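# Sequence below, structure please.
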Amino acid sequence: MDLHKRIKKLRQDKEWTQQELADKVGVKQKQISSYETGVSKPSANVLMRIAEVFDVSTDSLLADLERLSASKSIKDIELLEYFQAVDHFKEEDKQAIKKVLDAFVTKNKLEELVTK
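Predicted structure coming up:
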């Protein structure tokens, strides 16, 4: 997820308006709007204030930590590459792949139960 989407999501999760966030950060509402649409990026100082307001690290705002975390936890590189490719598929194709994976995971869990 990009920075502008993270800022917007965090604001919406708090159920704040752009004006409320702007007041807390000390900028104008138009600046928040431009950050959330990706038209502009906050300066380092503003980014630190945004992180402070949301009680998150600047790293979590800047980096796609979910993707980095997934790539560190999946040890099979080929499998990771497949997942990264699937991430760009149409939603209906993703759902089909999730159903196939679910079937394999369920099968595997059942086999583990039977062999115990």
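# can we go C-alpha only for contacts and neighbour counts from here?
Fine.
# Give me the pLDDT value at Lys72.
Each residue has a pLDDT score; the one for Lys72 is 61.
# what separates Ser34 from His4, distance-wise?
Going from Ser34 to His4 by CA to CA, to the nearest Å gives 9 Å.
# Can you check which residues contact both of those two?
Lys41 (CA atoms under 8 Å, 6 or more residues apart in numbering).
# Run through the chain and note the low-pLDDT ranges.
Applying pLDDT under 70 to the chain flags the ranges 64-73.
# the domain parsing of it - what is it?
The record assigns the chain these domain ranges, following automatic domain parsing: 3-65, 74-115.
# rewinding a little: more neighbours, Ser34 and His4?
Remark: of Ser34 and His4, His4 carries more neighbours, 21 against 14, as counted by other CA atoms under 10 Å.
# Quick check, the more buried one in contact with Ser33.
No - using CA atoms under 8 Å, His4 makes no contact with Ser33, being 9.3 Å away.
# re the thing from before, which of the domains of the chain is buried the deepest?
Scoring those by mean neighbour count under mean count of other CA atoms under 10 Å gives domain 3-65 as the most buried, with a mean of 15.
# Pull the distance from that one to the chain's centre.
The chain centroid and the centroid of domain 3-65 are separated by 14 Å, computed with CA atoms, centre = their mean, to the nearest Å.
# Over to stretch 93-103?
Centre-to-centre, stretch 93-103 and its host chain are 21 Å apart (CA atoms, centre = their mean).
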